[in-house]
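Student: dropping the sequence and predicted coords here.
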Amino acid sequence: MPITDTCLPAHTIQVRVYYEDTDLAGIVYHANYLKFMERARTETLRAHGIDQTRLAEEDIFLTVTAMDIAFKSPARIDDLLTVEAVPISTTGVRGTIAQRVLLDGRELCTAMVTVVCMNGKGRPVRMPPTTRALFPAS
């Protein structure tokens, strides 16, 4: 599902592209888009009062288990990117988040990210109610 098809507002952050984010061609190295999207997912949780440190103290960890990503256009040094995250669906332990990286409203990268709540032993656990509340009712 494209992020624009969701009925929920996207949580957005701004990310400036630095020299360290680029490759020899002067464009953002592909793996750095994953870091930008991780920051947006973390800030989405934080904006809704979900503290990942507190979750970890309760032996709950949100683990990325799958990502379908499409690179459409490059970002370059000094670009100011907008990175969006929209929780779009959930089951008892799993959530799907749609993400986009934009430059001046133009999509550079899109992704569908699957996260699973796990305990410290790597076993799936039910998503806490406060986290589950971020996702639309299924």
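Tutor: Received it, and whenever you're ready, just let me know what you need.
Student: C-alpha from now on. contacts and neighbour counts both.
Tutor: Will do.
Student: now the strands for this structure?
Tutor: Assigned by DSSP state E, the chain shows strands spanning 11-16, 61-71, 80-90, 94-103, 106-118.
Student: next, format the ones you listed as CSV and append distance to residue 130, mean neighbour count and mean pLDDT.
Tutor: Converted to CSV, the strands of the chain look like this (distance: least, CA to CA, whole Å; neighbours: other CA atoms under 10 Å; pLDDT from 0 to 100):
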stretch, distance to residue 130, mean neighbour count, mean pLDDT
strand 11-16, 17, 17, 96
strand 61-71, 13, 15, 96
strand 80-90, 13, 23, 95
strand 94-103, 13, 23, 96
strand 106-118, 13, 20, 97
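Student: dump those into CSV; add distance to residue 42 as well.
Tutor: Below are the strands of the chain laid out as CSV (distance: least, CA to CA, whole Å):
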stretch, distance to residue 42
strand 11-16, 10
strand 61-71, 10
strand 80-90, 9
strand 94-103, 12
strand 106-118, 12
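Student: distance check, residue 135 against residue 109.
Tutor: According to CA to CA, to the nearest Å, residue 135 and residue 109 sit 22 Å apart.
Student: give me the most central residue, the chain.
Tutor: Residue closest to the average C-alpha location in the chain (CA atoms, centre = their mean): residue 41, at 3.6 Å.
Student: which one is that residue nearest to, not counting chain neighbours?
Tutor: Excluding the flanking residues, the one nearest residue 41 by CA to CA, 6 or more residues apart in numbering is residue 85, at 5.9 Å.
Student: what pairs with the one you found across the strands?
Tutor: residue 11, residue 99 (DSSP bridges).
Student: so which of the strands of the chain is nearest residue 30?
Tutor: Closest approach to residue 30 among the strands of the chain is made by strand 61-71 (8.1 Å; CA to CA).
Student: so what angle separates the directions of that closest one and strand 94-103?
Tutor: Taking axes from the mean of the first three to the mean of the last three CA atoms, to 10 degrees, one finds strand 61-71 and strand 94-103 inclined to each other by 40 degrees.
Student: name the surrounding residues that touch strand 61-71.
Tutor: Outside strand 61-71, the residues within contact range by CA atoms under 8 Å, 6 or more residues apart in numbering are 52, 55, 108-120.
Student: what sits against residue 114?
Tutor: Shown in contact with residue 114 (CA under 8 Å, 6+ apart): 64, 65, 66, 67, 94, 95, 96, 97.
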